[in-house]
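Peer 1: Provided below are the primary sequence and the corresponding predicted coordinates.
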Amino acid sequence: MKSSQLTDREVKTVKKPGYYCDGAGLYLQVAQSGSGVTKNWIYRFTSPLTGKVRDMGLGSVKTFSLKEARERARLHRQMVADDLDPIEERRKKRDDLRTKQLERGIFKDEAEKFISLHESTWKNDKHRAQWRSTLRDYAYPTLGSRPVSAIDGALITEALHPIWMKKPETARRVKQRIERVRQWVKDGRPLPRQTGVKTVRHHPAMPFKEMPAFMVELRNRNSISARALEFTILTVARTSEAVGAEWSEFDLDAGVWTIPAKRMKAAKQHEVPLSNRAIEILRDLPRERDGYVFPGARTKSPLSNMAMLELLRGMRDDGLTVHGFRSTFRDWAGDNTNFAREVIEHALAHRIKDKAEASYRRSAALEKRRQLMEAWARYCSSQPRAGSAEVRTIHGAP
């Protein structure tokens with residue numbers, strides 16, 4: 001295209017609807033509306049992210065002159081040359097601004113909003129009362145009047161150091177509650193999961209209260225598929241990750257299973273901290289050098305993807321799936337423990353969009369996840385309570 005095809009006079013006088021090219025991706029868009037003719041600047045470019053042609057609004061002719069529109073288009077061409085999509089960058093800037101505006105909210109006000117929104121989903125009256133009383137007594141005196149964005153590790157330490165050694169369990173819970181409010185604000189104050197509404201699950205899941213009884217039944221079965229299913233449940237791995245596991249991926253002394261990127265859904269290497277029971281399962285299995293941990297019927301082949309499902313169907317004829325145990329774990333960890341959401345999501349190897357959270361994941365938090373997986377294994381091994389739905393809360397690490 002030739003540049004500078006338009007003139008100020010043409011911009012002012014043209015009335016026929018259409019797109020008028022000024023060159024280098026800048027267009028004048030003329031449209032007919034109920035109130036007359038509208039004129040806006042459009043920058044057309046090929047996104048370096050998707051390879052698709054996109055149109056980006058640069059404002060009205062009433063706001064920006066031809067000269068100003070050319071300069072705005074030039075700045076966006078520089079972004080494209082740097083492999084940035086101007087539309088996505090603008091959205092990101094708006095999102096960042098929105099997040100900053102939310103984080104300017106005062107901590108006490110945001111905490112009270114969080115409690116009011118979520119307390120109806122908490123079944124335990126004592127839990128509801130403790131949220132209010134512990135924040136009131138230990139967080140608000142120091143943090144209550146501070147903007148959420150200003151609350152960092154140093155301020156949290158200032159608030160909790162008087163009780164950190166004297167009341168360690170209370171201090172840990174208050175720290176977790178402060179961090180949960182901060183994350184909720186950062187996430188844009190999302191609504192809690194609705195109660196009393198049946199949710200649709202792609203993979204039917206066993207209620208976590210039934211897990212101890214199920215695990216007793218599972219451990220009484222002596223087969224490679226039973227051990228594979230128990231191991232899959234304890235590590236909350238996907239079926240393909242578990243049945244495809246090779247001995248070379250394990251360091252039993254360190255208690256870590258390193259799944260290579262090529263076998264992960266997110267195509268990123270994932271480290272799984274192993275609970276004591278998971279290690280026990282592995283040590284009791286017959287071992288072939290560099291072979292599959294759970295070998296199949298055919299030589300040098302892994303256990304079939306259907307083996308665990310067929311076993312599960314023989315134990316429970318109610319449509320459960322192996323993948324559904326990941327949902328069982330998520331429900332247990334979210335509803336019945338105080339482990340941080342980031343730790344739980346990392347344990348499930350879920351993709352995390354938020355950059356700060358992704359950075360948290362890169363730090364691995366392996367020991368925190370080890371505590372989580374050990375707590376899950378203990379819960380699965382706990383004594384089933386006949387005729388009772390009561391389950392004790394397992395407290396996570398701060």
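Peer 2: That came in fine, so what should we check first? Residues are numbered from 1 along each chain as shown.
Peer 1: use CA for all of it now, contacts and neighbours both
Peer 2: Fine.
Peer 1: Spell out the secondary structure type for residue 83.
Peer 2: With DSSP: H, G, I helix; E, B strand; the rest coil as the basis, residue 83 sits in coil.
Peer 1: Verify the stated contact: it with residue 49.
Peer 2: Yes. Between residue 83 and residue 49 there is a contact under CA atoms under 8 Å: 7.3 Å.
Peer 1: Check which strands are paired with the longest strand seen in the chain and give the direction for each one.
Peer 2: Using DSSP state E, we find that the single longest strand of the chain is strand 36-46. Looking at strand 36-46 with DSSP bridges, its partner strands are strand 26-33 (antiparallel), strand 53-60 (antiparallel).
Peer 1: What lies in contact with it?
Peer 2: The contact list for strand 36-46, computed with CA atoms under 8 Å, 6 or more residues apart in numbering, reads 15, 17, 25-32, 52-62, 69, 73, 80.
Peer 1: quick one: residue 367 from residue 110, how far?
Peer 2: Remark: distance between residue 367 and residue 110 (CA to CA, to the nearest Å) = 30 Å.
Peer 1: These two: who's more crowded?
Peer 2: Between residue 367 and residue 110, counting by other CA atoms under 10 Å, residue 110 is the more crowded of the two (22 against 12).
Peer 1: Which elements pack onto the helix or strand harbouring the more buried one?
Peer 2: Following DSSP states H and E, one finds residue 110 within helix 107-118. Here helix 107-118 touches helix 140-143, helix 168-186, going by 3 or more CA pairs under 8 Å, 6 or more residues apart in numbering; DSSP states H and E.
Peer 1: for the helix or strand following that helix, packing partners?
Peer 2: Next helix or strand after helix 107-118 toward the C-terminus (DSSP H and E): helix 125-134. If you count contacts as 3+ CA pairs under 8 Å, 6+ apart, helix 125-134 packs onto helix 168-186.
Peer 1: Can you list the buried residues in the helix it packs on?
Peer 2: Within helix 168-186, the residues scored as buried using 16 or more other CA atoms under 10 Å are 170-186.
Peer 1: Please save the CA atoms from the next helix or strand after that helix in CSV.
Peer 2: Once helix 168-186 ends, the next helix or strand along the chain (criterion: DSSP H and E) is helix 211-219. Presented in CSV, the C-alpha positions along helix 211-219 are these (Å, rounded to 0.1, in the frame of the first residue of the first chain):
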residue,chain,number,x,y,z
MET,A,211,-12.8,-42.9,50.2
PRO,A,212,-11.6,-44.6,53.5
ALA,A,213,-14.1,-47.5,53.0
PHE,A,214,-13.3,-47.8,49.3
MET,A,215,-9.5,-47.9,50.0
VAL,A,216,-9.9,-50.7,52.5
GLU,A,217,-11.7,-52.7,49.8
LEU,A,218,-9.2,-51.8,47.1
ARG,A,219,-6.2,-52.8,49.3
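Peer 1: host element of residue 379?
Peer 2: helix 366-380.
Peer 1: Please enumerate residues in contact with stretch 126-136?
Peer 2: Contacts of stretch 126-136 (CA under 8 Å, 6+ apart): 115, 119, 122, 170, 174, 177, 178.
Peer 1: cutoff 7 Å now
Peer 2: 119, 122, 174 (CA atoms under 7 Å, 6 or more residues apart in numbering).
Peer 1: Give me the mean pLDDT for that stretch.
Peer 2: For stretch 126-136, mean pLDDT is 91.
Peer 1: next one: stretch 151-158
Peer 2: 91.
Peer 1: for stretch 94-109, same thing?
Peer 2: Stretch 94-109 shows a mean pLDDT of 77.
Peer 1: picking up where we left off before, buried residues, the longest strand of the chain. List them.
Peer 2: Along strand 36-46, these residues count as buried under the neighbour rule (16+ other CA under 10 Å): 38, 39, 40, 41, 42, 43, 44, 45.
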